[in-house]
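**Student:** got a structure for you, letters missing:
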């Protein structure tokens, strides 16, 4: 399916990835090219998507909880109402991404991810990096 999507992106036949409501949880999907894919309500919980490109993808209501998204690209993606809680997101590109009501609770996010984005109506609760354990008081 990913190969067909890659061909579609190159205008060489294939077909656009339609992963709406798919369960892709707990998989190793590093460096996958999902630009322009339909990922609405897709379950990526616990999945390693490091280095993946999801630019211009439709990702509303997707579940990325506990996913690893280091070096992922989400430029111009629609992440409205997505669950990004407890994710690891270092060096992530969120330029022009729609983050309306996206939940980043307890996410490990590098500061650069939010420098060039509009964060109104976005839930951001970053954990204190100096704490060894989340349950420590």
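**Tutor:** Arrived safely. Everything quoted here is computed from the prediction, not taken from an experiment.
**Student:** how about stretch 11-30: buried residues?
**Tutor:** 14, 17, 19, 22, 24, 25, 29 (16 or more other CB atoms under 10 Å). Using the backbone N, CA and C atoms, a C-beta is placed for each residue, glycine as well.
**Student:** Which residues does it contact?
**Tutor:** Residues outside stretch 11-30 that contact it (CB atoms under 8 Å, 6 or more residues apart in numbering): 1-8, 34, 36-52, 63.
**Student:** I'd like to know which of the residues you listed are part of helices.
**Tutor:** Taking DSSP state H, the ones among the contacts of stretch 11-30 that sit in helices are 2, 3, 4, 5, 6, 7, 8.
**Student:** export these to TSV and tack on neighbour count, pLDDT and distance to residue 106?
**Tutor:** Shown next, in TSV, are these (neighbours: other CB atoms under 10 Å; pLDDT from 0 to 100; distance: CB to CB, whole Å):
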residue	neighbour count	pLDDT	distance to residue 106
2	14	89	30
3	8	92	35
4	13	94	36
5	21	93	31
6	16	92	34
7	13	93	38
8	17	92	36
